[in-house]
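need a structure here:
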Amino acid sequence: MPIGKENSLYVFPPETTAYLPAGLPISTQVAEPSVTRDFQLKPGVWVRGRAIDDRTGKPARGRVQYRAFRDNPQLKSFPLFSRGGITHERRTDDDGRFEIAVMPGPGIISFVALDHTRYRRGLGAETITGSATDVPTMDANRKVKMFNTVPTSVFANNEHLLRQIDPEDGSKPMELTLTLTSGTDVTGRLLDPEGKRLSGGIVSGNVFEGAWYPIHGDEFRVEGYYADRPRELFFYHPERDLAGHCHLEGQPPAQLTVTLQPAGGVGGRLVDDSGAPLPRIVLRGEGVAGENYGDASLRLGTDENGRFHIRGLIPGRTYTVVGMGERIYGRVLTEVSVEPGTTKDVGDVKLQVDNKATELLPGKVRRRPDP
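Numbers count the residues shown, from 1 in each chain. You can find the predicted model right below:
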């Protein structure tokens, strides 16, 4: 173990026991050849159940995780559980069954399927009444719900299913059925302005909102689609500088066909209130093509002089772009539009800092609330 005060030691009891994991800070010194620390473990309450895909009738394989709300009064009896860095989870077996020990009082059981692109995310978040915070994302019009739990927070959009629990101390095992409904796949093709089929390019919205994925060959696939949950699909073909959009809603066709058109772009320089350039600011926006698996030509951000160049924008649409750097977040462009085949020069643009959102950025130093 390294010498110093920044060490932590974690204990993960056998899965067959009802003990919860625990963590302790450990300080080591050169003059001290060994360190002995005792962990006082306390058993919790069993939660047992099964995860099922009700569309296919098959068991769902995945990860079941438990976290306690910060205001759970039982945390005083389990002080070592709230130590940051612990991941308390169990995997379902081939039949979708699981068992996991939890502490009494309010908490969250979450589930993430191994086949993660087939299921919608955040199911059940709307039923949870525990403490939560709306956290900004790189999409200016979208926030995600973060539940205030330990040993880590629960982000609704990271989980497929969430269930609030509140077992009593010393109660019998709690039975829980986790029911998910998988979506279906939709395939499609891209056409150029002359109606000829295109190969390659990138697409956003086919799997996760905001992420861009490569299209291999002349067919793309929308995974985990639900007729009652519209999808906004964005496409960009960098080699031809063509872009397009498709709003997918309701019963999908046997195969989608999307015609791309010449794209436009926006360029400028991002500055602060004093006019000084803001370097190394990451840029994001709905439908704005971003870096695609190491393709530096699509990297969205400002350079060392605060300059930026956004490609692959669709003429006729308006775009809002936000920027995020080290301890800074704000709006860069609001409802900007472009012309085909041209790059609009917007000159110097002042970052409209969102102070409230900045306070919620990862990496901001905040006092950990007392359990």
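
give me the beta-bridge partners of residue 177?
Going by DSSP bridges, residue 177 is paired in beta bridges with residue 50.

so what pLDDT did it get?
For residue 177, the pLDDT comes out at 97.

Check the burial of it by counting its neighbours.
Look at residue 177: counted by other Cβ atoms under 10 Å, it has 10 neighbours. Every C-beta, even on glycine, is put in place using the N, C-alpha and C of the backbone.

Cross-check the contact I'm expecting between residue 166 and residue 106.
Yes - applying Cβ atoms under 8 Å as the test, residue 166 and residue 106 come out as touching, 4.8 Å apart.

Who has more neighbours out of the two?
Comparing residue 166 with residue 106 by other Cβ under 10 Å, the one with more neighbours is residue 106, at 21 against 14.

What score does the more buried one have for pLDDT?
97.

got it, and residue 294?
Value for residue 294, per-residue pLDDT: 52.

do residue 359 as well
52.

Can you show me the strands along the stretch 151-300 of the chain?
With strands called from DSSP state E, counting those that start in this stretch, the stretch 151-300 of the chain shows them at 154-155, 161-165, 174-180, 184-191, 202-204, 212-214, 220-225, 231-237, 242-248, 256-259, 261-262, 264-271, 282-284.

list the helices and strands the third one packs on?
So that's strand 174-180. strand 45-53, strand 107-113, strand 161-165 (3 or more Cβ pairs under 8 Å, 6 or more residues apart in numbering; DSSP states H and E).

How about the fifth one?
Helices and strands in packing contact with strand 202-204 are listed as strand 212-214, strand 231-237; criterion 3+ Cβ pairs under 8 Å, 6+ apart.

What's the mean pLDDT across the longest one?
The predicted model gives strand 231-237 an average pLDDT of 95.

Tabulate the helices and strands packed on strand 174-180 in JSON lines, adding columns for distance to residue 221 and mean neighbour count.
Formatted as JSON lines, these follow (distance: least, Cβ to Cβ, whole Å; neighbours: other Cβ atoms under 10 Å):
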{"stretch": "strand 45-53", "distance to residue 221": "19", "mean neighbour count": "19"}
{"stretch": "strand 107-113", "distance to residue 221": "18", "mean neighbour count": "23"}
{"stretch": "strand 161-165", "distance to residue 221": "24", "mean neighbour count": "20"}
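
right, so of the ones you listed, which gets closest to residue 129?
Minimum separation from residue 129 across the helices and strands packed on strand 174-180 (Cβ to Cβ) falls at strand 161-165, 6.7 Å.

Run through the stretch 1-150 of the chain and note the low-pLDDT ranges.
1, 84-85, 137-141 (pLDDT under 70).

Tell me where it has strands.
4-11, 22-28, 45-53, 58-59, 62-69, 89-91, 97-102, 107-113, 132-136, 143-147, 149-150.

With distance to residue 346 as extra columns, can I get these in a markdown table?
Below are those laid out as a markdown table (distance: least, Cβ to Cβ, whole Å):
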| stretch | distance to residue 346 |
| --- | --- |
| strand 4-11 | 45 |
| strand 22-28 | 49 |
| strand 45-53 | 48 |
| strand 58-59 | 52 |
| strand 62-69 | 44 |
| strand 89-91 | 46 |
| strand 97-102 | 52 |
| strand 107-113 | 40 |
| strand 132-136 | 23 |
| strand 143-147 | 26 |
| strand 149-150 | 42 |
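
out of those, nearest to residue 329?
Among the strands of the stretch 1-150 of the chain, strand 132-136 comes nearest to residue 329, with 6.4 Å by Cβ to Cβ.

partners of that closest one, with directions?
strand 143-147 (antiparallel).

Next one: residue 132 relative to residue 4, how far apart?
Computed with Cβ to Cβ, to the nearest Å, the distance linking residue 132 and residue 4 is 36 Å.

So which of those two has more stuff around it?
Each of residue 132 and residue 4 has its neighbours counted (other Cβ under 10 Å); residue 132 has more, 17 against 11.

give me every residue that touches that one.
If a contact means Cβ atoms under 8 Å, 6 or more residues apart in numbering, then residue 132 has 145-148 as its contacts.

In PDB, list the C-alpha atoms belonging to stretch 265-278.
C-alpha atoms of stretch 265-278 as PDB (Å, rounded to 0.1, in the frame of the first residue of the first chain):
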ATOM      1  CA  GLY A 265     -21.100  24.900 -40.700                       C
ATOM      2  CA  VAL A 266     -20.400  27.600 -38.100                       C
ATOM      3  CA  GLY A 267     -17.100  29.100 -37.100                       C
ATOM      4  CA  GLY A 268     -16.000  31.700 -34.500                       C
ATOM      5  CA  ARG A 269     -14.000  32.400 -31.400                       C
ATOM      6  CA  LEU A 270     -15.300  31.800 -27.900                       C
ATOM      7  CA  VAL A 271     -14.300  34.500 -25.300                       C
ATOM      8  CA  ASP A 272     -15.100  35.400 -21.700                       C
ATOM      9  CA  ASP A 273     -16.700  38.600 -20.500                       C
ATOM     10  CA  SER A 274     -13.300  40.500 -20.800                       C
ATOM     11  CA  GLY A 275     -12.800  39.300 -24.400                       C
ATOM     12  CA  ALA A 276     -10.100  36.800 -23.600                       C
ATOM     13  CA  PRO A 277     -10.200  33.600 -25.600                       C
ATOM     14  CA  LEU A 278     -11.500  30.400 -23.900                       C
END
